[in-house]
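# requesting a structural model of the entry that follows:
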Amino acid sequence: MKKKIKTPFFSVNPKGYLFGKEAVELAVEADRLAKQHDIDLFYTAQAVDFPAINGAVDKIFLTAQHMDPLLPGRGMGYIFPAALQHYNVKATFLNHAEHPVSLRDLVKTMKLADSLDMYTIVCADSIEEAQAIAQLKPDILICEPTELIGTGQTSSAEYMETSKTAVKQISPETLVLQAAGISTGEDVYRTIIAGADGTGGTSGIVCAPDKIAVLREMVAALVEARSKLGV
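You can find the predicted model right below:
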């Protein structure tokens, strides 16, 4: 059974920027910070790195960047949920702007993830798409305008409030993650104070000269915002 995610939560999504030793090292630091501050932290990785990362962490939620709606057997070149689960993967991103999926496959994959007690983190690039996906009741919905990804420009407070309200009206239990353009601790703090259930980063962390320092700064900001909100 999936446990309730503690909010505010954080997501580290290295995409294809990190793999091998670097991915493991950042995961280990993310795990340490999650323990130190008692936060729920999702960490994505390349599928080939899950065995090594799984052996080095025990607090963070290992998260697939994508998976396909298939059972073990035929399906050359696809990512099988059961194989991910074998390496303690607890969640999966779906429908990211860099890997969109059809509605048919999204529904099938979400059902399979639920059957395996894996959290679904589904992306939407507009309020209209967020409302449509909210009807499928994902665990987490990322309201992230595609044009802001990787720009260092965050969504406006108005967009954050409007998109969260739109999702919660349809699926009150779905958590809303706002992460477009997050690149500093100040961005993290402002996003959580604005009402997001969680936030996270990619290029702001992995493209920084000191990845560990930026990750620590962002997590500290999330903890500060949590304290300010009294949650």
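# show me the contacts for Ala27.
Taking Cβ atoms under 8 Å, 6 or more residues apart in numbering as the criterion, Ala27 is in contact with Tyr43, Ala45, Ile53, Ala56, Val57, Ile60. Heads up, the C-betas are built off the backbone N, CA and C, glycines and all.
# which residues touch the helix or strand of the chain with the lowest mean pLDDT?
In the chain, the helix or strand scored least confidently by mean pLDDT, DSSP states H and E is helix 157-170, which has a mean of 89. By Cβ under 8 Å, 6+ apart, the residues outside helix 157-170 that reach it are 127, 130-131, 134-135, 141, 143, 145, 155, 174, 176, 178, 190-191, 194-197.
# of the residues you listed, which belong to helices?
Residues of these located in helices (DSSP state H): Ile127, Ala130, Gln131, Ala134, Arg190, Thr191.
# who wins for most neighbours among the residues you listed?
Using other Cβ atoms under 10 Å as the neighbour test, those are led by Thr191, with 27 neighbours.
# any idea which helix or strand carries the closest residue to that residue other than its chain neighbours?
Nearest residue to Thr191, sequence neighbours excluded (Cβ to Cβ, 6 or more residues apart in numbering): Thr199, at 4.5 Å. Assigned by DSSP states H and E, Thr199 falls within strand 198-201.
# what average pLDDT does that strand get?
Averaging pLDDT along strand 198-201 gives 95.
# contacts for that strand next, please.
With Cβ under 8 Å, 6+ apart as the test, strand 198-201 has contacts from 5, 7-13, 42, 140, 175-179, 182-183, 187-188, 191-192, 214, 218, 222.
# could you flag which of the residues you listed are buried?
With neighbours counted using 16 or more other Cβ atoms under 10 Å, the contacts of strand 198-201 contain these buried positions: 5, 7-13, 42, 140, 175-179, 182-183, 187-188, 191-192, 214, 218, 222.
# out of the residues you listed, list just those in strands.
Phe9, Phe10, Ser11, Val12, Phe42, Ile140, Leu175, Val176, Leu177 (DSSP state E).
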